[in-house]
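# Sequence and predicted model, in that order:
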Amino acid sequence: MMYVTPENSAAGQDPFIGHSSWFRYSSPQTFFPLAGILAPWFAVAALLLAAAGLYLGFFVAPTDSQQGEAYRIIFIHVPAAWMSMFIYVVMAFWAGMGLTFNTRLSGMMASALAPTGALFTFIALWSGSLWGKPTWGAWWVWDARLTSELILLFLYFGFMALQAAIDDSRRADKAGAVLALTGVINIPIIYFSVQWWNTLHQGATIRILNKPTIAPPMLAAMLIMLAACWLYSVAVVLVRVRHIILEREQNAARVAAVAVY
């Protein structure tokens, strides 16, 4: 796929192109076909892992001694909550890369990540409400963890709305990058909220440096579901970034045509 736009000139190319075979994929022209090849593989792997994780979580994992069967929502809620934070950090990273090095693909990747991050944030809030009703007796409380997660959803919406409000894609990427980088401060607030404040939300059951406090089948199901969510995110983002590349190519071609005539 070739681009016939002013951005393909020597002055408009991304700064990393030509420096290394690895950095050649920072160009939308070379990344477009690669994304098309990888997306189906990630999608199939995500589907298989999701089926395995849901089976383990809902049919193999034992019943919780305190919460009964209601706890099984964690196999959806916890991976979604983790992904909501992780995707935001990755989105901010790509946005920052685009802002720092002026690479076109970086801004496109950030734009492609935002809807998926918003989706997982919504799922985390929704499933958390389903879990909170039998556990706390309420669908929603203004708990520190829940409130900061809701703010994360607004950050995703704000990022997408800001980019949509600016016609020029380069200016939209830069404006969105500033918002994304500013919002990163909310991620540690979400993660450490149960330690910093006295909240209703339970603490972490899985920690990197400590032994997990849940049964092995529960842990296996949760980690498999997390992997499935991650693979799904990669597949969807690859598909979405291809659409963004095509959309921006068409817009650039129209601008070039108007300039010629």
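Yes, it's here. Numbering: from 1, shown residues only.
# Now do the same contact list for Val90.
Counting by Cβ atoms under 8 Å, 6 or more residues apart in numbering, Val90 touches Leu113. Quick note: C-beta positions are derived from backbone N, CA and C, even for glycine.
# Next one: it from Ala43, what distance?
18 Å (Cβ to Cβ, to the nearest Å).
# and the spatially closest residue to Leu56 that is not a sequence neighbour, what helix or strand is that in?
Excluding the flanking residues, the one nearest Leu56 by Cβ to Cβ, 6 or more residues apart in numbering is Ala221, at 3.7 Å. Ala221 belongs to helix 216-260 when elements are defined using DSSP states H and E.
# Could you pull up the mean pLDDT of that helix?
Per-residue pLDDT over helix 216-260 has a mean of 89.
# Wasn't Trp94 part of a strand?
No: using DSSP: H, G, I helix; E, B strand; the rest coil, the assignment for Trp94 is helix, not a strand.
# That one contacts Ala110, correct?
Yes: taking contacts as Cβ atoms under 8 Å, Trp94 lies within contact range of Ala110: 4.3 Å.
# so where's this protein shaky on pLDDT?
Residue ranges of the chain with pLDDT under 70: 1-23, 25, 197-213, 252-253, 255-261.
# Could you look up the SS state of the spatially most central residue of it?
In the chain, the centroid-proximal residue (Cα atoms, centre = their mean) is Ile87; its distance is 2.9 Å. Using three-state DSSP, the secondary structure recorded for Ile87 is helix.
# Around the closest residue to it other than its chain neighbours, how many other residues sit close by?
Nearest residue to Ile87, sequence neighbours excluded (Cβ to Cβ, 6+ apart): Gly117, at 3.7 Å. By other Cβ atoms under 10 Å, 26 other residues sit near Gly117.
# residues in contact with Leu223?
If a contact means Cβ under 8 Å, 6+ apart, then Leu223 has no contacts.
# let me redo that: Arg242
Phe32, Ala35, Gly36, Ala39.
# try Ala161
Not one residue lies near Ala161 by Cβ under 8 Å, 6+ apart.
# Where does it fall, secondary structure wise?
For Ala161, the element it lies in under DSSP H and E is helix 144-165.
# starting at the chain centroid, how far to that helix?
Centroid separation for helix 144-165 versus its chain: 12 Å, with Cα atoms, centre = their mean, to the nearest Å.
# can you check stretch 133-141 too?
With Cα atoms, centre = their mean as the basis, stretch 133-141 stands 27 Å off its chain's centre.
# how long is it from one end to the other?
One end of stretch 133-141 to the other measures 10 Å (Cα to Cα, to the nearest Å).
# and which of the contacts of Arg242 is nearest Asp167?
Nearest to Asp167 among those: Phe32, at 22.9 Å, using Cβ to Cβ.
# ok now the helix or strand that contains that closest one, how far from the chain's centre?
Using DSSP H and E, Phe32 maps to helix 28-55. Between the centre of helix 28-55 and the centre of its host chain there is 15 Å, according to Cα atoms, centre = their mean.
# and if you look at stretch 104-113?
On Cα atoms, centre = their mean, the centre of stretch 104-113 falls 12 Å from that of its chain.
# One more: stretch 137-157?
Offset of stretch 137-157 from its chain centre (Cα atoms, centre = their mean): 17 Å.
# who touches it?
81, 84-85, 88, 114-115, 117-118, 121-122, 124-125, 128-129, 132-133, 179-180, 183, 186-187, 189-190, 193-194, 196-197, 199-201.
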